[in-house]
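A.B. asks: Need the 3D shape of this:
(chains A, B, C and D)
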2 protein chains.
Amino acid sequence: MGILRKTKNLETILDIFRQSNEALSANLLFERLHERMNRSTVYRLLERLEDDGILHSFASMDNVKFYALRQDCISSGDVHSHPHFQCTTCNQVVCLEQEVVFPTLNRMRIEEAQIFLKGQCNSCLSQ
Amino acid sequence: MGILRKTKNLETILDIFRQSNEALSANLLFERLHERMNRSTVYRLLERLEDDGILHSFASMDNVKFYALRQDCISSGDVHSHPHFQCTTCNQVVCLEQEVVFPTLNRMRIEEAQIFLKGQCNSCLSQ
DNA sequence: CAACTAATGCGACTATGTTGCAATAATAAA
DNA sequence: TTTATTATTGCAACATAGTCGCATTAGTTG
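C.D. replies: Below you'll find the predicted structure:
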């Protein structure tokens, strides 16, 4: 049902996401909070923020659920998706801006699409 | 280091993959074996088959690791990948044949790419 | 400033996956 | 064929990611 009350924990988590454009897993977030918030609270807030459309989530290649602030999306009949990228050097996960549009493929109805890329980010490449 | 000995368990698992073109998670496989193989053996065999290039793996949207027989891949300088598809009705996961080629994106070195699609498969659509 | 109840912390639990170790079985050597 | 070697297996304990019920705490409303 989403968020009904503005709590300190909620603001703390939102601040962390707003301070960088990184995507974070529940555990990375938990670490950044120096474990000052209960683990289940972290999971519940992430879920609520996603229900409210403030965050969106996706699976990393290591099968970990990541969350990031939801950007405004183009809306059209086709399914679209922006890729997610993880740097193999610094491990940061970010949303890429380019939207990818999926046309209808051979007699399947595509409803959702996820693209995950791995490689080296700009700043790690230049070091 | 991959596979050194042809064991019954190994053949059993390979047979299951060969009998259908589905992708399976360790747990789905474990269920199909009617739990007649140890869970850790299943995980170890999947890992070895992947090391040997007989299977390949990818993450589903629910953060579960799936394995499927590796098809012959086009080889070129660009990173390429075939999409994986899960039907939201029958839950089957399959590899799609169309290869997607990723050109180099804005100053990042892409090394690996994963596309996961969800929707309705052909056979569920026509029922 | 009460009253209401969403949100929290806690602990126990589930699911997925990993590891060390002794027993077993596939393979190579005799 | 028999023996020796060691990869593979099963077992149990562990690790990590995530969920849930419940009593307590703390936003919010009147």
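
A.B. asks: Would you mind naming what in chain A lies close to DNA strand C?
C.D. replies: Within chain A, the positions near DNA strand C by CB under 7 Å from any atom of the strand are A:1, A:3-5, A:7-10, A:37-38, A:40-41, A:44-45, A:48, A:63. The way it works is simple: take the backbone N, C-alpha and C, and place the C-beta from them, glycine included.

A.B. asks: 6 Å - rerun?
C.D. replies: A:3-5, A:7, A:9-10, A:37-38, A:40-41, A:44-45, A:63 (CB under 6 Å from any atom of the strand).

A.B. asks: ChimeraX command for the buried members of these?
C.D. replies: The ChimeraX selection below is limited to those of these classed as buried (16 or more other CB atoms under 10 Å in any protein chain shown):
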select /A:9,10,37,45,63
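
A.B. asks: give me the subset of the residues of chain A next to DNA strand C touching chain B.
C.D. replies: Among these, the residues lying close to chain B (CB under 8 Å from any CB of the partner chain) are A:N63.

A.B. asks: Secondary structure and pLDDT for the residues of chain A next to DNA strand C - can I get that in CSV?
C.D. replies: Shown next, in CSV, are these (DSSP: H, G, I helix; E, B strand; the rest coil; pLDDT from 0 to 100):
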residue, secondary structure, pLDDT
A:I3, coil, 65
A:L4, coil, 81
A:R5, coil, 92
A:T7, coil, 95
A:N9, helix, 96
A:L10, helix, 95
A:M37, coil, 93
A:N38, coil, 94
A:S40, helix, 95
A:T41, helix, 96
A:R44, helix, 96
A:L45, helix, 96
A:N63, coil, 84
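
A.B. asks: I'd like to know which of the residues of chain A next to DNA strand C is nearest to A:V101.
C.D. replies: A:N63 (26.5 Å; CB to CB).

A.B. asks: Can you tell me how far the closest residue in space to the closest one that isn't next to it in sequence is from B:L96?
C.D. replies: If the residues on either side of it in the chain are set aside, A:N63 comes closest to B:N63, at 4.2 Å by CB to CB, 6 or more residues apart in numbering or on different chains. Relative to B:L96, B:N63 is positioned 20 Å away (CB to CB, to the nearest Å).

A.B. asks: what ranges do the strands span in chain A?
C.D. replies: Ranges of strands in chain A, per DSSP state E, are A:22-25, A:55-59, A:65-69, A:79-81, A:84-87, A:93-95, A:100-102, A:109-120.

A.B. asks: Outside of the longest one itself, list whatever touches it.
C.D. replies: Strand A:109-120 is touched from outside by A:58-61, A:79-89, A:96, A:100, A:102, A:104, B:59, B:61, B:85, B:88, B:102, B:105, B:108-120, B:125, with contacts defined as CB atoms under 8 Å, 6 or more residues apart in numbering or on different chains.
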